[in-house]
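Trainee: My questions are about this predicted structure, shown below with the sequence.
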Amino acid sequence: MRFLTFDELTSSMEVDRTLIHLASFGGTFPARSVDAWRRRTKVLADYAGVFAVERGRLIGQTFVLRIPYTFRGGTEIVSGIAGVGTRPDRRRAGVARGILTEIHRREKEDGIRYSTLWTNRSWGAHGLYEELGYRDVYSSPWTVHAPLPTPPRRPRGVRPARKSDLAELERLHSRQAEGRLGFLREPNGYLATSVSVGELDPGKELVVVRSRRGVRGYAHLETTPYRVICGELVTSSLAARRSLISEVQRRANRRPFAFQHTPVTDTPDLFRARGFSAAPTGWYVLMATSLDRTWTPAAAISELATNDPRFLCMSGDRF
C-alpha cells in the first residue's frame, strides 16, 4: 500500500474515489468541486488529501482542511480531517490507520500542532481514532419540538436568502463570532463557493431577517419530508433570533423541528417552552488529538476550551 496526494491521482483512481465516497457518504465530491475549493479558498491543505493505493487501485481516501481555531491563548491553524473512506471490501485492513498516520506526519512537519475530526460515537471508526490519540472534546446539544398543529405566520422582515446576501451573511457571522472560541470563519467566500459547486441552495436552506439597516440575522436549515433541523442561527439581536425561530416553526409545517449546537446553549430560555425535549449531547462528536504529545480526554477538552461559555459551534463548523 502506498500513499498519493490528490494531484497524483489518475483518471481511473478518481473513479475509484467516487465509488468510495458514494459507498461511505451516499454522495460525491467530484474533482471539479475539489478544484473550486482550492482555487477560491484556502480551506484545503496544499496537498488536499492523502489517498491509499494498492496494485494501481485506490482503496481509501481522506481530505485535509486547514482551519483557524481560536484557543484561550490565541488563534492558530489546526488540521480538519474530512471524508475518511475505505472501499467496503478493504475494511479492517489498516487502510484508514495508514492514511491518518501519513497525514499526521505531513501535518506535524508543516508545524500543525492539533488535528480534529467529526465522527459518530456509535461507529467502529470512533475506536480507531481513540487508538490514534483522538479524544472526544465536544458533542452538540439538541432540543426537539413536536409538530405544531397550526404553524405560525411568516415573521415580518424574514425571507429566503439570495446569492446577493452571501457576503453580508459571512460578515455578520464574523462580527458575531468576535471574542468567541472555536473554529474561526473569516469572510472569504465560503458560502459563494458552496453555492457554486452545488453544495448549498440559499433559497431553500438559508433564511434571513432584514431591516432597513441590512441583515440582522440568518438561519441555516436542513429539511427533509420528515423533519427540519436548524444548527446555525446567527443574529445581532434577541428579536431577530425570535423571528428566525418562529420561521423554523413555520417551515416545519406540521413536522418535528429541532435546534442544535451553540444556538441552543446561547439562549436556553427560548427552548424551554412546552413541547420541547432536550438532550445535552448527541451521538455525533468532535474529536481532537495533539500531534506532539499524548493527552487525556480532560486535557483535550481543556485545551480546545469546548466547555468555556465563549465556545462557538454551528452546523457550518462540521466537516
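Mentor: Everything's here; your move. Residues are numbered from 1 along each chain as shown.

Trainee: Residue 246 reaches residue 151, doesn't it?
Mentor: No - between residue 246 and residue 151 there is no contact under C-beta atoms under 8 Å: 9.3 Å. Backbone N, C-alpha and C define where each C-beta goes, glycine included.

Trainee: any idea of the pLDDT on residue 186?
Mentor: Here the pLDDT value assigned to residue 186 is 85.

Trainee: pLDDT below threshold where in this structure?
Mentor: Scanning the chain for pLDDT under 70 picks out no residues.

Trainee: quick check: domain ranges of it?
Mentor: Following automatic domain parsing, one finds the domains of the chain at 2-140+282-317, 142-279.

Trainee: Cross-check the contact I'm expecting between residue 41 and residue 189.
Mentor: Yes - at 6.2 Å, residue 41 counts as touching residue 189 under the criterion of C-beta under 8 Å.

Trainee: where's the one helix or strand residue 174 maps to relative to the chain centroid, distance-wise?
Mentor: Taking DSSP states H and E as the definition, residue 174 sits inside helix 166-176. In this view, helix 166-176 has its centroid 17 Å away from the chain centroid, taken as C-alpha atoms, centre = their mean, to the nearest Å.

Trainee: Tell me the strands beside the helix or strand immediately after it in the chain, with direction?
Mentor: As assigned by DSSP H and E, the chain's next helix or strand after helix 166-176 is strand 182-183. Sheet pairing for strand 182-183, assigned by DSSP bridges, gives strand 57-71 (antiparallel).

Trainee: And the partner strand, what's buried?
Mentor: Judged by neighbour count using 16 or more other C-beta atoms under 10 Å, the buried positions of strand 57-71 are 58-67, 69-71.

Trainee: how about JSON lines for the residues you listed, with distance to residue 8 added?
Mentor: Formatted as JSON lines, these follow (distance: C-beta to C-beta, whole Å):
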{"residue": "58", "distance to residue 8": "11"}
{"residue": "59", "distance to residue 8": "15"}
{"residue": "60", "distance to residue 8": "14"}
{"residue": "61", "distance to residue 8": "13"}
{"residue": "62", "distance to residue 8": "14"}
{"residue": "63", "distance to residue 8": "14"}
{"residue": "64", "distance to residue 8": "14"}
{"residue": "65", "distance to residue 8": "19"}
{"residue": "66", "distance to residue 8": "19"}
{"residue": "67", "distance to residue 8": "24"}
{"residue": "69", "distance to residue 8": "29"}
{"residue": "70", "distance to residue 8": "34"}
{"residue": "71", "distance to residue 8": "34"}
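
Trainee: Over to residue 75: give its phi and psi.
Mentor: Main-chain torsions, residue 75, degrees, to the nearest 10: phi -110, psi 140.

Trainee: That one contacts residue 178, correct?
Mentor: No - using C-beta under 8 Å, residue 75 is not in contact with residue 178, being 11.8 Å away.

Trainee: neighbour-wise, which of those two wins?
Mentor: residue 75 (11 against 8; other C-beta atoms under 10 Å).

Trainee: Could you measure from the more buried one over to residue 67?
Mentor: Distance, residue 75 to residue 67, by C-beta to C-beta, to the nearest Å: 10 Å.

Trainee: If you drop the residues flanking it in sequence, what lies closest to residue 148?
Mentor: With C-beta to C-beta, 6 or more residues apart in numbering as the criterion, residue 148 has its nearest non-adjacent residue at 5.9 Å, and that residue is residue 249.

Trainee: can you check residue 217 too?
Mentor: Here the residue nearest residue 217, using C-beta to C-beta, 6+ apart, is residue 235, at 3.3 Å.

Trainee: count of residues packed around the one you found?
Mentor: By the measure other C-beta under 10 Å, the count of residues near residue 235 is 23.

Trainee: which residues sit in contact with it?
Mentor: Contacts here follow C-beta atoms under 8 Å, 6 or more residues apart in numbering; on that basis residue 235 touches 176, 209, 216-218, 241, 244.

Trainee: between residue 75 and residue 67, what contacts are shared?
Mentor: Here residue 75 and residue 67 have residue 184 as joint contacts, going by C-beta under 8 Å, 6+ apart.

Trainee: check which helix or strand covers residue 152.
Mentor: In the assignment (DSSP H and E), residue 152 maps to no helix and no strand.

Trainee: Give me the distance between the residue located most distally from the centre of the chain and residue 116.
Mentor: The C-alpha centroid of the chain is most remote from residue 55, which lies 33.8 Å away (C-alpha atoms, centre = their mean). Shown here: residue 55 relative to residue 116, a distance of 32 Å by C-beta to C-beta.
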